[in-house]
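Colleague: what follows is a predicted protein model with its sequence.
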Amino acid sequence: FMGAGYWAAMVHAYTGAHSRAWAYVRTSLPAAVTATTLLTITTFLHLDKFHLASPLLITHFVTWVWIIVYVVVPPLLAIAWIVQSRQPGANARGTAPLPIWMRGGFALLGAFALLCGLVLFLAPEATSAIWPWAVTPLAARAVSSWLSAFGVACFSLVLENDIRNGAGTSSSLFAFCLLELLVVARYATAIDWAKPMSVAYILFLLMGAVVTGVNLTPT
């Protein structure tokens, strides 16, 4: 699940690095701050699960790299977001509004993702009983980080309301939905199909692929 999230994020990281306008990437910054901040909090809530005392050098090294990255990256992203937003013309609005159905779709996707993310983060033990696959509190909060970021990205697209400016963020969300569907297919035996949330999660990914897939035209 997390691997799919990172690969999906790389899609917009690549297209964003080649863009010439801040408007093309600004809808992704709130989601990036959300994901990294929640993963930072999750790390410190479950620090006892990390291999800080591992006798293996590579394990020890990777553990500390993870911790350092998630301590440093959230404030750097927030600072970059604030600085860039204050540049002349940075907040100019686009001229290609989203179709009403697409804007409504993003709102529904955002609401579902944020609700799931909130419950997974605040009540991981209880949520494990209804989530499609078994999750420990650490895993539940990690999943929450990505779903919450997805929800924030959807609402950012609703507020941006521009099909061209939001294309980069949409491409990342589209990749997330497709990759997570592949994850479900690969690990179908780990899914408890008797749980209603399993069907709801699949419908969420399918709807996400449709709504975001229509908005992939780059600027």
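Modeller: All right, it came through fine.
Colleague: so Tyr187 sits against Trp133, correct?
Modeller: Yes - using Cβ atoms under 8 Å, Tyr187 makes contact with Trp133 at a distance of 7.5 Å. Bear in mind the C-beta positions are built from the backbone N, C-alpha and C, glycine included.
Colleague: who has more neighbours, the two?
Modeller: Trp133 (19 against 11; other Cβ atoms under 10 Å).
Colleague: ok, the more buried one - contacts?
Modeller: Applying Cβ atoms under 8 Å, 6 or more residues apart in numbering, we find Trp133 in contact with Tyr187, Ala190, Ile191, Asp192.
Colleague: next, it: secondary structure please.
Modeller: coil (DSSP: H, G, I helix; E, B strand; the rest coil).
Colleague: which residues of this protein fall in helices?
Modeller: Using DSSP state H, the helices of the chain run over 2-17, 29-45, 57-85, 100-122, 124-127, 137-160, 167-186, 196-213.
Colleague: pick the most deeply packed of those helices.
Modeller: Mean neighbour count (mean count of other Cβ atoms under 10 Å) peaks for helix 137-160 among the helices of the chain, with a mean of 23.
Colleague: what helices and strands are in contact with it?
Modeller: Counting contacts by 3 or more Cβ pairs under 8 Å, 6 or more residues apart in numbering; DSSP states H and E, helix 137-160 packs against helix 2-17, helix 29-45, helix 100-122, helix 124-127, helix 167-186.
Colleague: recalculate using a threshold of 10 Å.
Modeller: The helices and strands touching helix 137-160, judged by 3 or more Cβ pairs under 10 Å, 6 or more residues apart in numbering; DSSP states H and E, are helix 2-17, helix 29-45, helix 100-122, helix 124-127, helix 167-186, helix 196-213.
Colleague: average pLDDT across that helix?
Modeller: What helix 137-160 shows for mean pLDDT is 96.
Colleague: orientation of it relative to helix 167-186 in degrees?
Modeller: Orientation check (axes from the mean of the first three to the mean of the last three Cα atoms, to 10 degrees): helix 137-160 against helix 167-186 gives 150 degrees.
Colleague: what's the angle from helix 137-160 to helix 2-17?
Modeller: Going by the same axes, to 10 degrees, helix 137-160 makes 30 degrees with helix 2-17.
Colleague: circling back to that earlier point, what residues are shared contacts of Tyr187 and Trp133?
Modeller: Here Tyr187 and Trp133 have Phe1 as joint contacts, going by Cβ atoms under 10 Å, 6 or more residues apart in numbering.
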